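# Based on what follows, work out the 3D shape:
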Amino acid sequence: METLRLRPWSDDDLPLLRAANTADMTTHLNGPESEQQVRDRHRRYLDLDPAEAKMFVVVDDESGPVGAVGYWTVEWHGEPAFETGWFVLPAAQGRGVASRALWLVIDDARRHPSGLRHLVAFPSVENAASNGVCRRAGFSLVGSVPGQFRGSELRSHEWALDLHPDHARLES
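Below you'll find the model as predicted:
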């Protein structure tokens, strides 16, 4: 099993976003972005304020960058929380990479000086893989919510994880 680590997003990581911007990779995100939208996303990742958000590259020590994971501050149920999102390139899918990367980001979010209580995720209701990642990471399914993403309707499951340091981690 490969060794995974997270490293901060850097100026050299634009090709990783391009590699993830395919029809297959964005099926559950209402399709690919334009080249300009990808470049804008890359710039936003570079400009994140670490007091509010972090974006990481998921690195397999044997094969290099295999995806990305991050978290950012949102309002959730009337209070601040972190939202998380991730992607794993096709060559690394099906090996538990997303689940292990999410555990690493959970640990980082738990140590964040903001002390926010919850980490939430909103994968499409049709994205069985990402919903499974949430379940394996110990998130609780809160419900389903309608919304807009990339200009189109997207119904998502709403998952939440208590980041409180006393909260026991449940792995399966």
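# May I see the buried residues of stretch 116-124?
By neighbour count on 16 or more other C-beta atoms under 10 Å, the buried set for stretch 116-124 is Leu116, Arg117, His118, Leu119, Val120, Ala121, Phe122, Pro123, Ser124. Quick note: C-beta positions are derived from backbone N, CA and C, even for glycine.
# pretty sure the fifth one contacts Ser156?
The reference is to Val120. No: contact status for Val120 versus Ser156: not in contact, 10.4 Å apart, counting by C-beta atoms under 8 Å.
# how long is stretch 142-154 end to end?
From its first residue to its last, stretch 142-154 covers 17 Å (C-alpha to C-alpha, to the nearest Å).
# Remind me what the strand of greatest length in the chain packs against, helices and strands.
Among the segments of the chain that qualify as a strand by DSSP state E, the longest is strand 64-76. Judged by 3 or more C-beta pairs under 8 Å, 6 or more residues apart in numbering; DSSP states H and E, the packing partners of strand 64-76 are helix 14-19, strand 53-60, strand 79-88, helix 97-111, strand 118-121.
# what lines up beside that strand in the sheet?
strand 53-60 (antiparallel), strand 79-88 (antiparallel) (DSSP bridges).
# where does the protein dip in pLDDT?
1-2, 165-172 (pLDDT under 70).
# list the contacts for the most centrally placed residue in it?
Among the residues of the chain, Gly85 comes closest to the average C-alpha position under C-alpha atoms, centre = their mean, at 1.8 Å. Residues in contact with Gly85 (C-beta atoms under 8 Å, 6 or more residues apart in numbering) are Val69, Gly70, Tyr71, Ala121.
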